[in-house]
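Enquirer: Quick one: sequence plus predicted model below, questions after.
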Amino acid sequence: MKNEMENDIKKVLYPEDVIKSRLEELGEALSNDYAGKNPLVLCVLKGASIFIADIVRHMAVSLQMDFMAVSSYEGTSSTGEVRIVKDLEASVEGRDILIVEDIVDTGLTLSYLVNQLKSRNPASVNICALLLKKKNDPSTQRMVDVKYVGFECPDEFVVGYGLDFNEKYRNLPYIGVLKEEMYS
Ligand code: IMP
């Protein structure tokens, strides 16, 4: 059956099979780096929910998962203000933390989160992001280091595989660019 959201998509950037094979590579790197460490793998809701479900199944190590929600975006632009909407349940102290994020744009959301987590005395904090937006403007400073990156994507508004536009398109199995008329 044809996907009824397909007409809203200008182009597909990462088809399902491309995402799947990149996740296998990322999973191998993560398995090597976190072997024996029992990391606490944090999902930043809601965008990373689909990515984390897939990536943890490519990590051949014992781990724990927890979920956190922050908000900084409305529509296609950042409000510039980060709020914790849902905090973690697990204790962070002494743990190796892997933050799993859908997409890093300015890095504002994650730099806030990393600072929050570091104040709780973890053993380490690293970031695994499915997408890292390439900034067209070279003067734009990214505010965090992202150790594990799925793909460097164009500086466009993308949806699918967890990423939304006003809560829609998260369940698209691929990642694509939305037609301008959908948000103008
Ligand atoms: P940052 O704080 O500018 O790095 O933005 C990160 C957050 O903004 C991500 O976790 C997403 O929720 C959202 N975001 C940024 N760019 C996009 C996009 O192209 N599509 C959907 N959500 C996005």
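Expert: Done, it's in. Every value quoted in this text rests on a predicted model; they were computed, and no experiment measured them.

Enquirer: switch to C-alpha atoms for all contacts and neighbour counts from now on
Expert: Noted.

Enquirer: what's the following helix or strand after the least confident helix or strand in the chain by mean pLDDT?
Expert: Between all helices and strands in the chain, the lowest mean by mean pLDDT, DSSP states H and E belongs to strand 77-86, at a mean of 74. Following strand 77-86 in sequence order, the next helix or strand is strand 96-104 (DSSP states H and E).

Enquirer: how far out from the middle of the chain is that following strand?
Expert: 6 Å (CA atoms, centre = their mean, to the nearest Å).

Enquirer: Would you mind extracting the C-alpha trace of the helix ranked longest in the chain into CSV?
Expert: Counting residues, the longest helix in the chain under DSSP state H turns out to be helix 16-34. What follows is helix 16-34, C-alpha atoms only, in CSV (Å, rounded to 0.1, in the frame of the first residue of the first chain):
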residue,chain,number,x,y,z
GLU,A,16,15.4,2.3,5.0
ASP,A,17,18.2,0.0,3.8
VAL,A,18,20.8,2.7,4.0
ILE,A,19,19.8,3.5,7.6
LYS,A,20,19.9,-0.2,8.5
SER,A,21,23.4,-0.8,7.2
ARG,A,22,24.8,2.4,8.8
LEU,A,23,23.2,1.3,12.1
GLU,A,24,25.1,-2.0,11.9
GLU,A,25,28.4,-0.1,11.6
LEU,A,26,27.5,2.3,14.4
GLY,A,27,26.4,-0.7,16.6
GLU,A,28,29.8,-2.4,16.1
ALA,A,29,31.7,0.7,17.1
LEU,A,30,29.5,1.2,20.2
SER,A,31,29.8,-2.5,21.1
ASN,A,32,33.5,-2.3,21.1
ASP,A,33,33.7,1.0,23.0
TYR,A,34,31.1,0.0,25.7
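
Enquirer: what does the average pLDDT come to for the helix or strand following it?
Expert: Downstream of helix 16-34, the first helix or strand assigned by DSSP H and E is strand 40-45. Strand 40-45 shows a mean pLDDT of 96.
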